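S.K.: Coordinates for the following, if possible.
(chains A and B)
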Amino acid sequence: MRRTGLLRVVIVLIGAGIASVEIGCRSAAAIQDSTTPNIPTALQPAPEPLRRPGAATASLIPGDGMEAVRARCVACHEAAMLLQQRLTAQQWMAEIDKMQGWGASVANEDKPQIAKYLVTIAGPDNNRFNPAIVAPISTQQPTPASSAQP
Amino acid sequence: MRPRLRVNRRQFFDILIAAAAASAGASRIDAKDSQAGIRRLLQLSAFPLDLETPLDALTSYLTPNDLFFVRTHWTPVRVDPATWSLTIDGDVSRPLTLSLADLKALPRSDVTCVLQCSGNGRNWFEPAVPGVQWRYGAVGNARWSGVRVRDVLSRAGMKEGARHLHTFGGNPPPGRVPPFNRSLELEKALADAIIAYEMNGEPLPHDHGGPARLVVPGWAGDHWMKWVSKLSASREPQGGFYMDVAYKYPIRPGGPGVAINPSDMHPITEMFVKSNITSVPSRIRVGERASINGFAFSGAPDIARVELTDDDGLTWRPARLNPRHEPYAWRLWSYEWTPSRRGARRIAVRATDSRGSQQPKIPNWNPSGYLYNGWHTITVEVE
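M.R.: This is a model prediction of the structure:
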């Protein structure tokens, strides 16, 4: 069955009593079943089969270097994977080197800018990230004809 | 653009719990999570899919399949159970290819045990290390059903000298990223590992490695190959990035952030003893008993004791262990706490396993953030 509804989750911060935040995300069931992607237009979708259709995704924080990161990193890693890190410039550069070695199309001259941006959004003092809240996964077995990937 | 939470990460997990909770009567471990008690998962990455289970969903002996954490390196190829097959080759005299029906025709084995991602708790290491920043919930306890590895290998005829089992799965990487190929010692595989095709009585879901995955009781999740497609006996361990570099732990602890000599890094095998608090009452009052609950597990077959402290470890009092247990499964525990004074109180839990290993206050830092098992400490507000 195809399910396309958005799961709208409202988190009310109680202990601190200072903020009310909404997180819009698709349920995990929708992630599995939907054929209509819900990727924010600001994000570059990852090529199949890296991306699950309809997956809830986080948004990069605007800044110098964001476009390079979007093009070179978010193709394979959802932005949340970057936003949850707390790494130094040295650690980020090591990660960029590793990914470059594994085939990421990162030019050497772009690496300093990418590392600088990543430290800005996900440096050692980063405390901005919280996971998206999603529905339980579907445990139904796939329908072979429609779900098999090449 | 979707708004994001902007709170201090320490505040998020170390926060007043009881008095501020809006829904009186609900058990909750995180007062700021107003979804406590609602069936949900916490998504750390949409692609590849990495989901962890909230602590308040880890209160039962068996973790439901749809709430069980999900770890993937890359988006896996969906496998049709009707065409899936498992190849057994390498140092065997009769290489085999088994269909799911062939596998199910072999003697069935049921094992209830904990699966924990090696990186569970990586988020708590200081200084931080790269990787999925799992917090508490990359762990669960399930009843796995399938076929013993030794029964399959005996049909293939093991050759003299084979010491390792190379394992391969259906999660092909992109670009030049090395494949997630692993191996484990045959001694362990023959002892109690199974090829599971059911989880808690249901066909093994795709996100958990279906149609079939390895189950290696007591060992960390990196050995539990999902979408398993081939097992190959060998004299030598498998090579490659995910054996030679990743999933290694220092045999001698270094200081936080200190580089470790590669020769001191050995493959992760058994999990470390660990316990977590999963629920406390929404209101706690001076002089009234409050029931605190949680789970404990280890790479050892059982937990010997679980203890709690409200004075940062000066004194410890034992929790009551639930009698339900099977080797390498977790123990649920409960503790009746009667606070003697008001205000913010810090409660910590530690476990000791059946081999005498005890959960440390602060675990050894390691470069990839594996096997975090420090005391789980929460702060509650006593009225």
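S.K.: For residue B:53, give its distance to residue B:378.
M.R.: When CB to CB, to the nearest Å is the yardstick, residue B:53 and residue B:378 sit 17 Å from each other. For glycine as for every other residue, the C-beta is placed from the backbone atoms N, C-alpha and C.
S.K.: and residue 59, what pLDDT?
M.R.: Unless you meant another one, I'm taking chain A. Residue A:59 carries a pLDDT score of 89 in this model.
S.K.: That was the other one, I meant chain B.
M.R.: Among the per-residue scores, residue B:59 holds a pLDDT of 94.
S.K.: these two touch, right, it and residue B:291?
M.R.: No. The pair formed by residue B:59 and residue B:291 falls short of the contact definition of CB atoms under 8 Å, at 11.5 Å.
S.K.: out of those two, which sits in the busier spot?
M.R.: Each of residue B:59 and residue B:291 had its neighbours counted (other CB atoms under 10 Å in any protein chain shown), and the higher figure belongs to residue B:59 (15 against 12).
S.K.: Now that one. Nearest residue, chain neighbours left out?
M.R.: Counting by CB to CB, 6 or more residues apart in numbering or on different chains, residue B:59 lies nearest to residue B:278, which is 4.9 Å off, once chain neighbours are set aside.
S.K.: if I pick the one you found, what's in contact with it?
M.R.: Contacts for residue B:278 were tallied using CB atoms under 8 Å, 6 or more residues apart in numbering or on different chains; they are B:29, B:55-56, B:58-59, B:293-295.
S.K.: Just the buried residues of these.
M.R.: Buried subset of the contacts of residue B:278 (neighbour count, 16 or more other CB atoms under 10 Å in any protein chain shown): B:29, B:55-56, B:58, B:293-295.
S.K.: among the contacts of residue B:278, which are in strands?
M.R.: In this view, the contacts of residue B:278 that belong to strands under DSSP state E are B:293-295.
S.K.: any chance of the residues you listed in TSV, plus pLDDT?
M.R.: What follows is those, written out as TSV (pLDDT from 0 to 100):
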residue	pLDDT
B:293	97
B:294	98
B:295	98
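S.K.: Over to the residue nearest to residue B:59. Which of the three states is it?
M.R.: strand (DSSP: H, G, I helix; E, B strand; the rest coil).
S.K.: how close does it get to residue B:60?
M.R.: Relative to residue B:60, residue B:278 is positioned 10 Å away (CB to CB).
S.K.: Check residue A:128 too.
M.R.: The value you get for residue A:128 to residue B:60, if CB to CB is used, is 33 Å.
S.K.: ok, these two, which is more surrounded?
M.R.: Using other CB under 10 Å, the more surrounded residue of residue A:128 and residue B:60 is residue A:128, with 16 against 13.
S.K.: Now do the SS call for that one.
M.R.: At residue A:128 the chain is in coil, as set by three-state DSSP.
S.K.: Touching, it and residue A:84? I think so.
M.R.: No. When contacts are counted by CB under 8 Å, residue A:128 is not listed as touching residue A:84 (9.2 Å).
S.K.: Isn't residue B:259 up against residue B:367?
M.R.: Yes. Using CB under 8 Å as the test, residue B:259 is close enough to residue B:367 to be in contact (7.4 Å).
S.K.: Which one of these two is surrounded by more residues?
M.R.: In this view residue B:259 and residue B:367 are compared by other CB under 10 Å, and residue B:367 has more residues nearby, 17 against 7.
S.K.: Was I right to think that one contacts residue B:129?
M.R.: Yes. Taking contact to mean CB under 8 Å, the distance of 6.2 Å between residue B:367 and residue B:129 places them in contact.
S.K.: where's whichever residue of chain A sits closest to chain B relative to residue A:78, distance?
M.R.: Of the residues in chain A, the one nearest chain B is residue A:103, at a distance of 2.9 Å by CB to the nearest CB. When CB to CB is applied, the distance between residue A:103 and residue A:78 equals 18 Å.
S.K.: Many thanks, have a good one.
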